[in-house]
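Novice: Task: produce atomic coordinates for the following.
(one chain, ligands or ions: 2)
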Amino acid sequence: MLVSYDLHLHSCLSPCGENEMTPNNIVGMAGILEVPVIAVSDHNSARNLPAVCRLGMEQGILVVPAIEINTAEEVHVLSLFPDVASALDMGEELYAALPAVNNQPDIFGDQLVMDENDCVVDQVEKLLINAVSFSIEAVFEKVRQRGGVPIPAHVDKSAYSVLSSLGFLPPELNAYTIEVSPSGVQKGFVLPGEGKHLVISDSDAHSLETWSMHEPKKLEIERISVPAILERLRGEEQV
Ligand SMILES: [Zn+2]
Ligand SMILES: [Zn+2]
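Specialist: Ligands and ions are numbered 1, 2, ... in the order given. From the prediction side, this is the model:
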């Protein structure tokens with residue numbers, strides 16, 4: 001079946017994510033936009049996933065547990081996990097690997113953890129957008145060890161991508177799926193050797209408005225489930 005998806009969204013937990021990106025608003029918006037498969041991928045943290053995944057389950061939206069990891073090389077890796085527990089576990093390891101720099105909400109924005117009623121239950125202290133101390137190789141390994149799929153994010157972008165930070169996609173990562181940003185798709189960006197890869201594109205929305213303007217892409221999957229999506233995205237990668 002051909003299914004609309006958006007696997008890269010930020011909630012109010014990301015400092016750069018608008019506070020309106022609450023668990024209920026995200027799941028509600030996915031319903032309005034008729035996108036049955038989404039992923040909430042906050043920077044280096046999974047702490048809003050329990051609420052958003054539970055709401056998704058209740059409302060018929062599949063929310064794939066995810067984190068957008070910022071590696072030591074300042075490469076963003078969209079990391080999808082088989083379950084919330086694995087994502088939370090990874091998130092704890094990432095938090096310990098972040099520098100001891102606290103967020104300044106006035107400058108960077110709030111980092112809100114919410115429950116399924118959109119009540120703020122915590123605020124994360126360390127600044128989540130910083131790079132963790134793990135290399136991209138280590139991040140790929142840690143995600144795969146947890147049954148997840150690491151995807152080089154917005155590879156066409158001039159910042160925080162494999163191309164901008166490393167100059168190329170290291171073949172030893174065995175990345176099958178890569179993400180190209182919507183503007184990259186529009187400009188006809190092609191990664192050298194792209195034929196070997198599955199290319200996905202997501203909104204990377206930080207607000208409801210930018211999300212609502214995004215035209216979701218479609219993916220051929222066997223059924224709407226987390227294992228089916230991970231299997232499709234894992235493709236021919238060698239673990
Ligand atoms: Zn990013
Ligand atoms: Zn992002």
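Novice: C-alpha from now on. contacts and neighbour counts both.
Specialist: Will do.
Novice: As a check, name the ranges of all helices in the chain.
Specialist: Counting by DSSP state H, one finds helices in the chain at the ranges 23-32, 49-59, 84-96, 105-108, 136-145, 162-165, 182-186, 208-212, 226-234.
Novice: Quick one: closest of those to residue 198.
Specialist: With Cα to Cα as the measure, helix 226-234 is the member of those nearest residue 198 (7.4 Å).
Novice: so who does residue 164 touch?
Specialist: 155, 157-158 (Cα atoms under 8 Å, 6 or more residues apart in numbering).
Novice: where does the chain dip in pLDDT?
Specialist: 237-239 (pLDDT under 70).
Novice: didn't residue 229 look like it was pressed against residue 221?
Specialist: Yes. Between residue 229 and residue 221 a contact is recorded at 6.6 Å, counting by Cα atoms under 8 Å.
Novice: out of the two, which sits in the more crowded spot?
Specialist: residue 229 (21 against 16; other Cα atoms under 10 Å).
Novice: and the gap between residue 105 and residue 152?
Specialist: 28 Å (Cα to Cα, to the nearest Å).
Novice: Ok, residue 40 next?
Specialist: For residue 40, the distance to residue 152 - Cα to Cα - is 16 Å.
Novice: What of residue 145?
Specialist: To residue 152, residue 145 is 17 Å away according to Cα to Cα.
Novice: How about residue 125?
Specialist: 27 Å.
Novice: So which of the two has more stuff around it?
Specialist: Between residue 125 and residue 152, residue 152 has the larger neighbour count (other Cα under 10 Å), namely 26 against 16.
Novice: Bridge partners for the most centrally placed residue in the chain, pull those for me.
Specialist: Closest residue to the average C-alpha location of the chain: residue 41 at 3.1 Å, with Cα atoms, centre = their mean. Beta bridges link residue 41 to residue 66 when assigned by DSSP bridges.
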